[in-house]
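*Asks:* Have a look; sequence and predicted model below, questions after that.
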Amino acid sequence: MGVFRIALLAFAISLAPVSAAYKLGASTADADFAPSNVGVIGLRYMHQRGAMSTVVEVYPNTPSQAAGLRVGDRMVAVEGIDITKYDANQVYELIAGVPGAPVTLTMMRCTSGCRSFDVTLTRVDMNAIASDDVFKIYKYGL
């Protein structure tokens with residue numbers, strides 16, 4: 001059993017190099033673009049079931065930045081669905097979708113008082129994000 005486990009680990013390590021298909025981002029020419037078919041909006045949020053999500057980062061050159069979303073904004077609903085009932089993975093599944101498809105978020109911003117607002121964003125292909133750092137976050141969770 002121990003030998004099998006070591007052999008399996010060695011096989012997994014030999015497959016470790018990332019294929020060229022995933023070397024995408026700002027430093028890759030447009031001609032090398034390979035769609036991922038995963039549409040994202042360009043923000044990082046913290047979420048816990050029973051609460052609203054809090055935006056902790058808005059990525060540059062993304063639909064979220066273009067729409068004016070800010071760190072500290074709270075996400076209340078996605079497509080009219082109250083997200084407080086869901087866990088973080090379920091919220092991500094509501095937000096992510098087909099590139100080019102719109103998604104409407106209900107947000108809350110508290111500066112001098114709180115106000116809620118709807119924002120409709122058009123998802124972009126994860127591989128089309130013009131930032132190697134942001135691409136790594138989406139692809140590998142780094």
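*Replies:* Thanks, I have the structure now.
*Asks:* What sits closest to residue 87 if chain neighbours are left out?
*Replies:* Using CB to CB, 6 or more residues apart in numbering and skipping the chain neighbours, the partner closest in space to residue 87 is residue 49 (5.0 Å). C-betas here are computed from N, CA, C, even on glycine.
*Asks:* ok, the one you found - contacts?
*Replies:* Neighbouring residues of residue 49 by CB atoms under 8 Å, 6 or more residues apart in numbering: 84-87.
*Asks:* Okay, strands next: where are they in this protein?
*Replies:* Using DSSP state E, the strands of the chain run over 39-40, 43-46, 53-58, 74-78, 81-82, 102-111, 113-122, 124-125.
*Asks:* Next, give phi and psi for the residue nearest to residue 87.
*Replies:* Note on residue 49: backbone dihedrals following degrees, to the nearest 10 are phi -50, psi 140.
*Asks:* That'll do, ta.
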